[in-house]
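Engineer: sequence first, then the predicted structure, then my questions.
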Protein chains: 2
Amino acid sequence: MPPSFRPPIGLTLHRTSRQASRAFDEALGEVGGSLPVWLTLLTMKTHKSANQRELAAAIGIQGATLTHHLNGMETDGLLTRRRDPGNRRVHLVELTAAGEAAFLRLREAAVAFDKKLRAGFSDDEIAALEQALAKLGANVGERA
Amino acid sequence: MPPSFRPPIGLTLHRTSRQASRAFDEALGEVGGSLPVWLTLLTMKTHKSANQRELAAAIGIQGATLTHHLNGMETDGLLTRRRDPGNRRVHLVELTAAGEAAFLRLREAAVAFDKKLRAGFSDDEIAALEQALAKLGANVGERA
DNA sequence: TATTGTTATACTCTATAACTATA
DNA sequence: TATAGTTATAGAGTATAACAATA
């Protein structure tokens, strides 16, 4: 072991992320959500994907995993699925009123959490951090 | 939604960490390891905890979760557990020769991974990143 | 045949609660 | 009673493979 032990940056990244994810998941849970549900809603709202595979890829999960989450969300009444008349292989996923309401609730929690997370950072510092994280990502593989 | 959409810093953190964790897990897998096994070995080597609970806390998991991983590692012949003669409630966890070898192999993979991760960063930049991550962690809760 | 999505199944990591054994 | 650890059980998130429906 080296004389002055420096924890690998990946370990620090991992711990920080886990800590933040847990806290965020807890915050989402308080308004009836979870991380994958939030990511699904957010990505649906911001991506307008042509099909579920694109949506799954944008979230960063497999198609079958997305199906799993959509099943839960459908059971919870957040969305409906029906076939696209134009291409009946494609399933159109649409938020119900409850789904829209859930999105708003979760977004509020996410915004509040992000505000807490940014406390004490200037915009430039956040930008620098984003850039550093992007660089780490690039160093590690070509995935989105 | 705001006119210029900025992804929350937590989302970027989460994605980067997941990407890095997957790549790291893969790298560890290639030498017969996994993230929790590596964290267990690393923490055993760097912490010298008095008992398993301390060890678990240092890793950031519950005692029962540690037991679960230790079971697997014992099955794989990486370690042995025996009762402390001085306080027979305490189980002494000791690495076997195979466990020591695994530690060295995983450490090598971890060092290589960390080198890859740090590519293009100066020491000062890494230090700044560590500091920023620590600040995020502090913003989010009081856990280690 | 290729594409879209679902079902079936399973794995990993984690946790809580109940239990055993020691003190 | 309190402490150390294990066992039993479960749950969340993810994945792969096989399948059904559609093109």
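Structural biologist: That came through fine.
Engineer: restricting to C-alpha, output stretch A:30-42 in PDB.
Structural biologist: The C-alpha coordinates for stretch A:30-42 follow below in PDB (Å, rounded to 0.1, in the frame of the first residue of the first chain):
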ATOM      1  CA  GLU A  30     -42.500  10.400   0.800                       C
ATOM      2  CA  VAL A  31     -44.600  11.600  -2.100                       C
ATOM      3  CA  GLY A  32     -45.400   8.000  -3.300                       C
ATOM      4  CA  GLY A  33     -42.600   7.500  -5.900                       C
ATOM      5  CA  SER A  34     -39.300   5.800  -6.500                       C
ATOM      6  CA  LEU A  35     -36.200   6.500  -8.500                       C
ATOM      7  CA  PRO A  36     -37.100   4.300 -11.500                       C
ATOM      8  CA  VAL A  37     -40.700   5.600 -11.600                       C
ATOM      9  CA  TRP A  38     -39.400   9.100 -11.500                       C
ATOM     10  CA  LEU A  39     -36.800   8.400 -14.200                       C
ATOM     11  CA  THR A  40     -39.500   6.900 -16.300                       C
ATOM     12  CA  LEU A  41     -41.900   9.800 -15.900                       C
ATOM     13  CA  LEU A  42     -39.100  12.400 -16.500                       C
END
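Engineer: strands of chain A, start to end?
Structural biologist: Applying DSSP state E to chain A gives strands spanning A:79-83, A:91-95.
Engineer: which bits of chain A sit near DNA strand C?
Structural biologist: A:51-53, A:63-64, A:66-68, A:70-71, A:81, A:87, A:89-91 (CB under 7 Å from any atom of the strand). (Each C-beta comes from the backbone N, C-alpha and C, glycine too.)
Engineer: need the max-distance pair from those residues.
Structural biologist: Pairwise distances across the residues of chain A next to DNA strand C peak at 23.1 Å for A:68 and A:87 (criterion: CB to CB).
Engineer: shaky segments in chain A?
Structural biologist: A:1-5, A:142-144 (pLDDT under 70).
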